[in-house]
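Trainee: Can you look at this prediction? I've put the sequence above it.
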Amino acid sequence: MKAMIFAAGMGTRLRPLTDQMPKALVPVAGIPLLQRVLLRLASAGFDDITINIHHLGQQIADFLRANRNFGLRIHISDERGQLLNTGGGIRHARPFLEGDEPFLVHNVDILTDADLRALWQHHLARKAEATLLVGKRETKRYLLMDPDMTLHGWTNKQTGEVRPQGLQGNYDEWAFAGIHVLSPSLFRRMEGTRWEQPFSIIDFYLDICTHTLVQGLPIRATHWFDTGTPETLARANAWYRQQPKTGWNI
C-alpha cells in the first residue's frame with residue numbers, strides 16, 4: 001500500500017525551532033514527527049512511502065538513511081529547487097504514486113490514532129476520486145458538504161468568502177484533518193498547463209468536485225493533534241509524555 005508524507009514545508013509558525021531543523025524532525029516527547037507518522041503508517045499496512053522535501057531537506061534524507069528507512073520502501077520527492085505546495089507536490093511525486101490502487105497522503109505535523117486503513121478501505125468502497133478525513137473542530141476555513149458527505153464548496157468564516165462563487169444550498173461545515181486518500185486517476189486531471197505551477201490540493205478538489213466524487217469521512221479518533229504551532233506542539237508533547245510506549249503510541 002502506498003502513502004505520501006508532506007514534509008517539505010518551511011515550518012514558519014514554529015520558528016525559531018525550525019530555523020535549523022526541518023519541521024519533520026521536530027520531536028514530540030523525544031521522537032521526531034516524521035518517525036511517528038512513518039511508524040503509524042507502517043502499522044496500518046502502508047509500506048511504500050514517498051516523502052517530499054524542501055526546507056533543510058538533506059537533514060531528512062540523512063535521518064532516513066541513518067535509520068535504514070525504518071524497514072520501509074521510501075522514495076524522496078525532491079522539491080529543493082522549488083516548493084510546490086500540496087497539489088503541486090502530489091503532481092511532482094506522480095512517478096512514485098501512480099499504480100492500480102489509491103494512495104494515502106498524510107501531513108507530517110498531524111498526529112492521530114485514526115484508523116488509516118479504514119479510511120483507505122472506505123475510499124475503495126465508495127469508488128471516490130478523493131476521500132478527505134474531516135472533523136468538527138473550530139477553524140477559519142471549512143469544507144462544505146452535503147448529508148452524503150460529498151464536497152460542494154469551501155468557505156472562509158473570517159472573510160466571508162465562499163467558493164465556488166454563487167454556491168447556494170444548506171451544507172454542513174467540516175474542517176479538513178490533514179489526511180486524505182486519492183485515486184491515481186486524478187493525475188490525469190492534473191495534466192495541462194493550468195496545474196504546472198505550485199497549487200493547493202484543496203483548490204484542485206474545489207475545481208473538480210462539480211463533476212467528480214470528492215467526499216469526506218468524519219474522523220473517529222481518541223486523539224488528533226496539529227503540531228504546527230508552538231501551542232499545539234506543547235499540548236502534543238504533554239499528552240504523549242503521559243502515555244505508555246505501546247501499540248500506536250511509539
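Mentor: Thanks, I have it. Residues are numbered from 1 along each chain as shown.
Trainee: what mean pLDDT does the strand ranked longest in the chain have?
Mentor: When the chain is parsed with DSSP state E, its longest strand is strand 172-182. Averaged across strand 172-182, pLDDT comes to 97.
Trainee: Just the buried positions in that strand, please.
Mentor: By neighbour count on 16 or more other CB atoms under 10 Å, the buried set for strand 172-182 is 172, 174-182. (Each C-beta comes from the backbone N, C-alpha and C, glycine too.)
Trainee: List the pairing partners of it within its sheet, with orientation.
Mentor: Strand 172-182 has these partner strands in its sheet, going by DSSP bridges: strand 103-107 (antiparallel), strand 130-135 (antiparallel), strand 141-145 (antiparallel).
Trainee: can you put those in CSV and add mean pLDDT, mean neighbour count and distance to residue 54?
Mentor: Converted to CSV, those look like this (pLDDT from 0 to 100; neighbours: other CB atoms under 10 Å; distance: least, CB to CB, whole Å):
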stretch, mean pLDDT, mean neighbour count, distance to residue 54
strand 103-107, 98, 24, 14
strand 130-135, 97, 25, 23
strand 141-145, 96, 21, 23
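Trainee: Rebuild the buried residues of strand 172-182 as a markdown table, extending it with distance to residue 112.
Mentor: Output for the buried residues of strand 172-182, formatted as a markdown table (distance: CB to CB, whole Å):
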| residue | distance to residue 112 |
| --- | --- |
| 172 | 21 |
| 174 | 16 |
| 175 | 13 |
| 176 | 13 |
| 177 | 7 |
| 178 | 9 |
| 179 | 8 |
| 180 | 13 |
| 181 | 15 |
| 182 | 19 |
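Trainee: Looking at these, which is nearest residue 69?
Mentor: If you rank these by distance to residue 69 using CB to CB, residue 179 comes first, at 21.4 Å.
Trainee: In contact with the closest one: list those residues for me.
Mentor: By CB atoms under 8 Å, 6 or more residues apart in numbering, the residues touching residue 179 are 104-107, 110, 112, 114, 116, 119, 132-133.
Trainee: Can you add distance to residue 151 and give those residues back as TSV?
Mentor: TSV is the format used below for the contacts of residue 179 (distance: CB to CB, whole Å):
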residue	distance to residue 151
104	18
105	16
106	19
107	18
110	19
112	21
114	19
116	20
119	15
132	7
133	13
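Trainee: which one of those sits closest to residue 84?
Mentor: Among the contacts of residue 179, and counting by CB to CB, the member closest to residue 84 is residue 105, at 13.5 Å.
Trainee: Dig out what that closest one forms beta bridges with.
Mentor: Beta-bridge partners, per DSSP bridges, of residue 105: residue 4, residue 180.
Trainee: From residue 85, how far off is residue 53?
Mentor: The gap separating residue 53 from residue 85 is 14 Å, by CB to CB, to the nearest Å.
Trainee: My error: substitute residue 56 in the last question.
Mentor: Relative to residue 85, residue 56 is positioned 18 Å away (CB to CB).
Trainee: Who has more neighbours out of the two?
Mentor: residue 85 (21 against 18; other CB atoms under 10 Å).
Trainee: Wait, that one touches residue 204, no?
Mentor: No. In this structure residue 85 lies outside contact range of residue 204 using CB atoms under 8 Å: 10.0 Å.
Trainee: what about residue 91, which helix or strand?
Mentor: Counting by DSSP states H and E, the element that carries residue 91 is helix 85-92.
Trainee: so how far is the following helix or strand past that helix from its chain's centroid?
Mentor: Once the chain leaves helix 85-92, the next helix or strand it forms, by DSSP H and E, is helix 94-97. Here helix 94-97 shows a centroid-to-chain-centroid distance of 16 Å under the convention CA atoms, centre = their mean, to the nearest Å.
Trainee: and if you look at stretch 178-185?
Mentor: 9 Å.
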